[in-house]
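*Asks:* sequence-free structure coming up:
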């Protein structure tokens, strides 16, 4: 098949990654001593502003990963582009993992050269995947500093004690191009789940925020696995009044500040409401429910009650579509690390949301939960590589990401390689676009989040969704929440202050992929004035927690007992698995894997496949939300707040593509027919 691939494929994504990956070719520098070295990466940018605690103890163990370069990176880009481009002669002609390894994986001899060099430096070699793209290894800080000509320091960052290289990282010139990066030196590089709307209005579960701010324990700071997972976190429950559907209960007792009457927020949409609003029931009625497709859910750690929780939830809220035991499987790590820093219990809620949401839109699909050993880049990347290289799923949902695009060159290289292989093999991979809008409020700088910004990821943004009494589509706006609290009979502040919202904007790392060229306005793609760049997101579904999804999860109650409970949750962590389910249904209708979706999605922009979110709705809407102050019951009182919709900052919804909702949200049969290339027929 190699002779049929057009090197200049229409997709043109090879050019799109040039900017981001240009710096991955090791730069040769004359280090101390007679032998020149190849510089792999600079110190993380944050080290210039963080408080330096001191030298990391020389005997402390470091657990790192060497990322190896692909054998034919340009060829891998071209193949991934060609099989993903609907106008290509090789569209849909995916290859198996074995064929990908034979053509693009690092050679065994290269792996041997790397491992021999590491062993000579005193390192212990760990896991090496079948596609040879990474080599895990461990050794002392002193060994790391000598081998990589760097300086590992301890810092205080955001209240945590972390380590990172305070000098550039390099390898001998003989390994230039073979080793393209080292991950694990920066222990602050922890991915966060993109869910919100529970106990903490700042955008994260309260226990997660507390855990991340806590100092590292001696064990985890040393990199020693802390393999005992904690019990479920503290319970969070919704207060009343709340609405069964959008607009059911009018909030007449509070000040009316918006044109439309205020309504109490939905209690949490149930699966049938989501399916009805997005037209998924059209597919179910025709016999297409995701059967035969597998959705891989990637998160960190593992909820001990996930299957029973998901089955209880389906039985209570979607009795016609139970989650049967044979539909669910898990692939878990042998041990865990960074349990405290990553707030392992906080990831249980993410896992629960992802599994229940994916089952809601693809109730007959198989779900494979893959739990990484930590929320560090290298561990999540290894988990995704395992799914791709072992061909375990047709669809992968990732509800996590970094804050902005500060990822190291090694992390970008490793993730991008996995996404290229996934595209070549026909696996659809999606990432949440983030829950902090344009990131200005959280970082002071407008930026998009990685990994969603990679040109081979389908970035799923968030909306606020109004579901009608009969489970129909009322309206949809961009997710951007403004909040005011009812204080002494008035809203404070008078104009709701930005709280959180679906991530979006323009990448600084990646040039514009050709599939966006005729769809994304130049005002977005060239926002920074340095040429057209990748825009985020690509598509969107409901994410606003104030029009969010009801989830069921075992939690720890004040009496110390763990019991099943239900509450409303949202975030682009909801949007992503919902879209993964819709993709699984499309996969069944297509009769096989769909692969990388973006070229097809953008080819369908402006058609009946999508609803163009919000462009025709000129009013500002809002809901009133009531919460228990203590998150559990009314003993500590109630807090009443106004939550506006579509308050999105420097990104905003507009006609056509926009940087809040992409090309729009799925529109039932129009979407399924367009993406699958088939036609829904009632069975």
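*Replies:* Alright, I've got the coordinates. Computed from a predicted model, the values in this text were never measured in an experiment. Numbers count the residues shown, from 1 in each chain.
*Asks:* SS state for residue 583?
*Replies:* Using DSSP: H, G, I helix; E, B strand; the rest coil, the structure places residue 583 in helix.
*Asks:* how close does it sit to residue 438?
*Replies:* Distance from residue 583 to residue 438, counting by Cβ to Cβ, to the nearest Å: 26 Å. Backbone N, C-alpha and C define where each C-beta goes, glycine included.
*Asks:* More neighbours: which of the two?
*Replies:* residue 583 (31 against 26; other Cβ atoms under 10 Å).
*Asks:* which residues touch the more buried one?
*Replies:* Listed by Cβ atoms under 8 Å, 6 or more residues apart in numbering, the contact partners of residue 583 are 395, 428, 430, 594, 597, 675.
*Asks:* care to break the chain down by domain?
*Replies:* 2-193, 207-676 (automatic domain parsing).
*Asks:* Is it possible to get a markdown table of these that adds mean pLDDT?
*Replies:* Output for the domains of the chain, formatted as a markdown table (pLDDT from 0 to 100):
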| stretch | mean pLDDT |
| --- | --- |
| domain 2-193 | 87 |
| domain 207-676 | 93 |
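*Asks:* if you compare these, which one is most tucked away?
*Replies:* domain 207-676 (a mean of 22; mean count of other Cβ atoms under 10 Å).
*Asks:* ok, for residue 278, nearest residue in space, not its chain neighbours?
*Replies:* Excluding its sequence neighbours, the residue lying closest to residue 278 (Cβ to Cβ, 6 or more residues apart in numbering) is residue 666, at 5.4 Å.
*Asks:* That neighbour: what's it in contact with?
*Replies:* 278-279, 539, 541, 579, 582, 609-611.
*Asks:* For it, give the beta-bridge partners.
*Replies:* residue 610 (DSSP bridges).
*Asks:* Okay, it and residue 604: tell me how far apart.
*Replies:* Applying Cβ to Cβ to residue 666 and residue 604 gives a distance of 10 Å.
*Asks:* anything in contact with each of those two?
*Replies:* In contact with both residue 666 and residue 604: residue 610, using Cβ under 8 Å, 6+ apart.
*Asks:* quick one: the helices in the stretch 151-300 of the chain?
*Replies:* Ranges of helices in the stretch 151-300 of the chain, per DSSP state H, counting those that start in this stretch, are 206-213, 218-221, 271-277, 280-285.
*Asks:* which residues touch the last one?
*Replies:* Residues outside helix 280-285 that contact it (Cβ under 8 Å, 6+ apart) are 272, 274-275, 289, 361, 363, 471, 581-582, 585, 589, 668-669, 672, 680, 682.
*Asks:* Next: stretch 603-618.
*Replies:* 86, 463, 473, 475-478, 515, 519, 539-540, 646, 653-658, 660-661, 663-667, 670-671, 673-675.
*Asks:* which residues does residue 581 contact?
*Replies:* So residue 581 contacts 280, 290, 295, 357-362, 365 (Cβ under 8 Å, 6+ apart).
*Asks:* let's go with 10 Å and repeat that
*Replies:* 271, 274-275, 278, 280, 289-290, 293, 295, 357-363, 365, 367, 395, 397, 541 (Cβ atoms under 10 Å, 6 or more residues apart in numbering).
*Asks:* what about it, distance to residue 392?
*Replies:* 17 Å.
*Asks:* helix, strand or coil for residue 116?
*Replies:* Strictly by three-state DSSP, residue 116 counts as helix.
*Asks:* any idea how far it lies from residue 555?
*Replies:* 50 Å.
*Asks:* do residue 536 as well
*Replies:* 33 Å.
*Asks:* swap in residue 126?
*Replies:* 35 Å.
*Asks:* returning to that earlier point: where strands are concerned, which of the contacts of stretch 603-618 count?
*Replies:* The strands, defined by DSSP state E, take in 463, 473, 475-478, 539-540, 665-666 from those.
*Asks:* Looking at those residues, which one is closest to residue 105?
*Replies:* Ranked by distance to residue 105 (Cβ to Cβ), these are led by residue 539 at 31.3 Å.
*Asks:* pretty sure that closest one contacts residue 580?
*Replies:* No. At 11.3 Å, residue 539 does not count as touching residue 580 under the criterion of Cβ atoms under 10 Å.
*Asks:* which residues do these two both contact?
*Replies:* The contact lists of residue 539 and residue 580 share 430, 458, 460, where a contact means Cβ under 10 Å, 6+ apart.
*Asks:* before we move on, back to that, ok, which pair from the ones in strands among the contacts of stretch 603-618 is furthest apart?
*Replies:* For the ones in strands among the contacts of stretch 603-618, and using Cβ to Cβ, no pair is farther apart than 475 and 539, which are 17.6 Å apart.
*Asks:* From the contacts of helix 280-285, pick the one nearest residue 239.
*Replies:* The closest of these, once distances to residue 239 are taken by Cβ to Cβ, is residue 274, at 22.6 Å.
*Asks:* Is it correct that the closest one is in contact with residue 549?
*Replies:* Yes. Using Cβ under 10 Å, residue 274 makes contact with residue 549 at a distance of 7.0 Å.
*Asks:* what's the overlap in contacts for those two?
*Replies:* 357, 360, 465, 542, 574, 578.
*Asks:* Could you export the residues you listed as TSV, including secondary structure?
*Replies:* As requested, those are exported to TSV (three-state DSSP):
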residue	secondary structure
357	helix
360	helix
465	strand
542	strand
574	helix
578	helix
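*Asks:* can I get those residues in JSON lines with distance to residue 636?
*Replies:* Output for the shared contacts of residue 274 and residue 549, formatted as JSON lines (distance: Cβ to Cβ, whole Å):
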{"residue": "357", "distance to residue 636": "31"}
{"residue": "360", "distance to residue 636": "33"}
{"residue": "465", "distance to residue 636": "31"}
{"residue": "542", "distance to residue 636": "30"}
{"residue": "574", "distance to residue 636": "28"}
{"residue": "578", "distance to residue 636": "33"}
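*Asks:* so which of the residues you listed comes closest to residue 387?
*Replies:* residue 357 (18.4 Å).
*Asks:* Figure out the helix or strand that residue 144 lives in.
*Replies:* Using DSSP states H and E, residue 144 maps to helix 141-148.
*Asks:* which helices and strands does that helix pack with?
*Replies:* strand 37-41, strand 61-68, helix 108-120, strand 134-140, strand 152-157, strand 160-165, strand 169-172, strand 179-183 (3 or more Cβ pairs under 10 Å, 6 or more residues apart in numbering; DSSP states H and E).
*Asks:* please redo it, this time with the cut-off set to 8 Å
*Replies:* strand 61-68, strand 152-157, strand 169-172 (3 or more Cβ pairs under 8 Å, 6 or more residues apart in numbering; DSSP states H and E).
*Asks:* Could you check the angle the second one makes with strand 160-165?
*Replies:* Taking axes from the mean of the first three to the mean of the last three Cα atoms, to 10 degrees, one finds that strand 152-157 is oriented at 140 degrees with respect to strand 160-165.
*Asks:* Strand 152-157 vs helix 141-148, what angle?
*Replies:* Using the same axes, to 10 degrees: strand 152-157 against helix 141-148 is 110 degrees.
*Asks:* What pairs with strand 152-157, parallel or antiparallel?
*Replies:* strand 51-55 (antiparallel), strand 160-165 (antiparallel).
*Asks:* same question, the last one
*Replies:* If you go by DSSP bridges, strand 169-172 pairs up with strand 37-41 (antiparallel).
*Asks:* roughly how far apart are residue 494 and residue 509?
*Replies:* From residue 494 to residue 509 the distance is 39 Å (Cβ to Cβ).
*Asks:* And residue 441, by the same measure?
*Replies:* 21 Å.
*Asks:* What of residue 593?
*Replies:* Counting by Cβ to Cβ, the gap from residue 593 to residue 509 is 28 Å.
*Asks:* and what of residue 163?
*Replies:* 25 Å.
*Asks:* of all the strands paired with strand 152-157, which lies closest to residue 334?
*Replies:* Here strand 160-165 is closest among the strands paired with strand 152-157 (Cβ to Cβ), at 23.9 Å.
*Asks:* Taking strand 61-68 as reference, get the angle to that closest one.
*Replies:* 50 degrees.
*Asks:* In three-state terms, label residue 46 for me.
*Replies:* Relying on three-state DSSP, one would call residue 46 helix.
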